[in-house]
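Visitor: have a look; sequence and predicted model below, questions after that.
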Amino acid sequence: MNKIDGRTLKHEVLTALRKRAVAQVQQGESPEVVIRAMGFCRSCIYTWLSMYRAEGWDALDARKRGGRRRKLSGKAIAWVYQAVSGGDPRQYKFPFALWTREAVAVLIHRRYGVKLSRNSVGRLLAQLGITPQKPLWRAYQQDPARVRQWLQEEYPAIVSEARKIKADIWFGDQAGLRSDYHAGTTWGLKGKTPVVKSTGARYRLNMISAVNRRGKMRFMIEGSRLNAEVICRFLDRLMVGSRRPVFLILDGHPMHKSGRVAATVRSHKGRLRLFTLPPYSPELNPDEGVWREVKAHHVGRAGVFSLEDMKAKAVAALRHLAKRPDKICALFHSETTSYAA
């Protein structure tokens, strides 16, 4: 496709196009996508962003010439966009994996010798449609090909088989809870970090749960160590009252593959089948959200004074969630779990 030459356009038309393009980028559109759709050469969008950054919307007026000298050229802004949107700080010899405004400022100074304040970097990133976001963490051992196979072949096959025999698909997981885990914040005097006092004793509980996309949930609290016997007990409880066959998807922990668990599965005479998620892929399991809800939003925000107190708070949190099918269904609508919705 032939590129549009801005010099052939009327001033008012070119001005309107510039402003529309910059506005779209600020709303979160990729600069590359915006400029390609408009038919201009790639460098134009970054030049316009540089002009806007220097003097605001008036700088995009096609009649305007001169003005304040720009600290960063369009080419420099293009490089910053590519570095932050498509790179990892560790690629640029930073010892951490998350971009901060300070890190971007250092990167710009290293590359172009231009010093920008933290606020200035924040404005630049906002102008580029780059916003602060909570990252998704993935284990470096994860095999992307294996994940694709699960999403494109294995899970669709499970769904197809479940439809044939009218089975319910559940996702299960287990987690530990410690009394010294704290989440959230507390108010205190500026400059004086509040101290959360506890007994010094530590209590532990283990929890097992399973959820399905219809908003149902089953759970079990276990004070002792999790092992195959505990898993079998949970499987038996899961099958109680179930009128339809159950397909349960778990992670690949060795106890899920033990002979004892296999015997329990066989005892249900084909009404229970277990399937395994790809290794190192907890983000694919909607049931992971149960522990986030219990730990971060409930027990982690409360004081724990004894093992019985911790157990009571954990059970209360799980019961509360079990009565909220809307919240359980929402666990199936994150970026990484929507495939199972």
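Guide: Alright, I've got the coordinates.
Visitor: longest single strand anywhere in this protein?
Guide: As assigned by DSSP state E, the longest strand anywhere in the chain is strand 168-178.
Visitor: now name the helix or strand holding Ala262.
Guide: Under the criterion of DSSP states H and E, Ala262 resides in helix 259-267.
Visitor: return the distance of that helix from the chain's centre.
Guide: 35 Å (CA atoms, centre = their mean, to the nearest Å).
Visitor: now the following helix or strand past it: how far from the chain's centre is it?
Guide: Once the chain leaves helix 259-267, the next helix or strand it forms, by DSSP H and E, is strand 272-276. Distance, stretch centre to chain centre, for strand 272-276: 26 Å (CA atoms, centre = their mean).
Visitor: may I have the strands that pair with strand 272-276, each with its orientation?
Guide: strand 246-250 (parallel) (DSSP bridges).
Visitor: after the longest strand of the chain, which helix or strand is next?
Guide: Toward the C-terminus, strand 168-178 is succeeded by strand 204-211 as the next helix or strand (DSSP H and E).
Visitor: can I get that next one in PDB, CA atoms only?
Guide: C-alpha atoms of strand 204-211 as PDB (Å, rounded to 0.1, in the frame of the first residue of the first chain):
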ATOM      1  CA  ARG A 204      -0.400 -24.200  59.400                       C
ATOM      2  CA  LEU A 205      -3.400 -25.600  57.600                       C
ATOM      3  CA  ASN A 206      -3.800 -27.300  54.300                       C
ATOM      4  CA  MET A 207      -6.800 -26.700  52.000                       C
ATOM      5  CA  ILE A 208      -8.200 -28.500  49.000                       C
ATOM      6  CA  SER A 209     -10.900 -27.200  46.700                       C
ATOM      7  CA  ALA A 210     -12.500 -27.800  43.300                       C
ATOM      8  CA  VAL A 211     -14.500 -25.400  41.200                       C
END
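Visitor: you'd agree Thr336 is in a strand?
Guide: No - per DSSP: H, G, I helix; E, B strand; the rest coil, Thr336 lies outside any strand segment and is coil.
Visitor: correct me, but it touches Pro286?
Guide: No - using CB atoms under 8 Å, Thr336 is not in contact with Pro286; the gap is 9.1 Å. Any C-beta I mention is one placed from the backbone N, CA and C, and that applies to glycine too.
Visitor: who has more neighbours out of those two?
Guide: Comparing Thr336 with Pro286 by other CB atoms under 10 Å, the one with more neighbours is Pro286, at 28 against 17.
Visitor: look up how far Glu32 lies from that one.
Guide: Distance, Pro286 to Glu32, by CB to CB, to the nearest Å: 33 Å.
Visitor: where exactly do the helices run in the stretch 1-150 of the chain?
Guide: With helices called from DSSP state H, counting those that start in this stretch, the stretch 1-150 of the chain shows them at 11-26, 31-38, 42-55, 74-86, 101-112, 118-127, 144-149.
Visitor: mean confidence score for the longest one?
Guide: By that I understand helix 11-26. Helix 11-26 shows a mean pLDDT of 82.
Visitor: against which helices or strands is that helix packed?
Guide: helix 31-38, helix 42-55, helix 118-127 (3 or more CB pairs under 8 Å, 6 or more residues apart in numbering; DSSP states H and E).
Visitor: again with the fifth one
Guide: In terms of contact count using 3+ CB pairs under 8 Å, 6+ apart, helix 101-112 is assigned the packing partners helix 74-86, helix 118-127.
Visitor: got JSON lines for those, with mean neighbour count too?
Guide: What follows is these, written out as JSON lines (neighbours: other CB atoms under 10 Å):
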{"stretch": "helix 74-86", "mean neighbour count": "17"}
{"stretch": "helix 118-127", "mean neighbour count": "16"}
